[in-house]
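Colleague: Just a sequence and a predicted model for now, questions to come.
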Amino acid sequence: MAQLLLLGSIAACSPTGVSPIGSMSLNSRYNDEQPALSGDGRILAFVSSRDGSRNILLYNLEQQKFVNLQRLNRPSAIAENPSLSYTGRYLAYIASDRGIPEIRLYDRATQQSQVLMSAYQGWLRRPSISPDGRYVAFESSTRGQWDIEVLDRGAFVELDIPNDRPTNSPTTAP
């Protein structure tokens, strides 16, 4: 419990300065909600009303500063329910444009966002990405009730595994 309070205190005391997202500190006069931590505990993702719309922001807890997210937030879309992979390379989230939710995946390494699942037959909510970034679990209402589905991004996606940990990813047969 003390560790949680310490992280909150450190983040709240970060320096102020010029920023495209308003306040440089984690806590602000804006609504900040739906927090998600990376598996290594270094990156915090959350939804904020800064800049006048609901966007996803990333905050580096070690460096006590916001992370620049090129091409993540779109002015016409509402972003929510962020989920981070182990180091925060991959960010799964819901984006709603014209009231139609879709699960999107943002890759911080390539600064690209892609649609993983659109709600053609129902609604989608609460995506959760696996620590290695291969799987995304989410809730779907395609059968008229809330069910849990798991999306496998494939055996050959680049996994989010730190350099000091071995990988169990499949390789091509000899």
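Modeller: Nice, I can see it.

Colleague: hey, let's count contacts and neighbours off CA atoms from now on
Modeller: Will do.

Colleague: What are the boundaries of the strands in the chain?
Modeller: Under the criterion DSSP state E, the chain contains strands at 32-37, 43-48, 55-60, 65-67, 77-84, 90-97, 100-107, 112-118, 124-129, 135-140, 147-152.

Colleague: and for the fifth one, what are the contacting residues?
Modeller: Judged by CA atoms under 8 Å, 6 or more residues apart in numbering, the contacts made with strand 77-84 from elsewhere in the structure are 34-39, 45-47, 53-56, 73, 90-98, 125-129, 131.

Colleague: Pairing partners for it, with directions?
Modeller: Within its sheet, strand 77-84 is paired with strand 90-97 (antiparallel), according to DSSP bridges.

Colleague: The strand it pairs with - what's its average pLDDT?
Modeller: When pLDDT is averaged along strand 90-97, the result is 93.

Colleague: what about the strands of the chain, which gets the closest to L159?
Modeller: strand 90-97 (9.2 Å; CA to CA).

Colleague: Restricting to C-alpha, output the closest one in PDB.
Modeller: Output in PDB follows, covering the C-alpha atoms of strand 90-97 (Å, rounded to 0.1, in the frame of the first residue of the first chain):
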ATOM      1  CA  TYR A  90       1.400  -2.200 -27.400                       C
ATOM      2  CA  LEU A  91      -1.700  -0.300 -26.400                       C
ATOM      3  CA  ALA A  92      -5.100  -1.900 -26.900                       C
ATOM      4  CA  TYR A  93      -8.100   0.400 -26.600                       C
ATOM      5  CA  ILE A  94     -11.600   1.100 -27.700                       C
ATOM      6  CA  ALA A  95     -12.200   4.000 -30.200                       C
ATOM      7  CA  SER A  96     -15.700   5.100 -31.100                       C
ATOM      8  CA  ASP A  97     -16.200   7.100 -34.200                       C
END
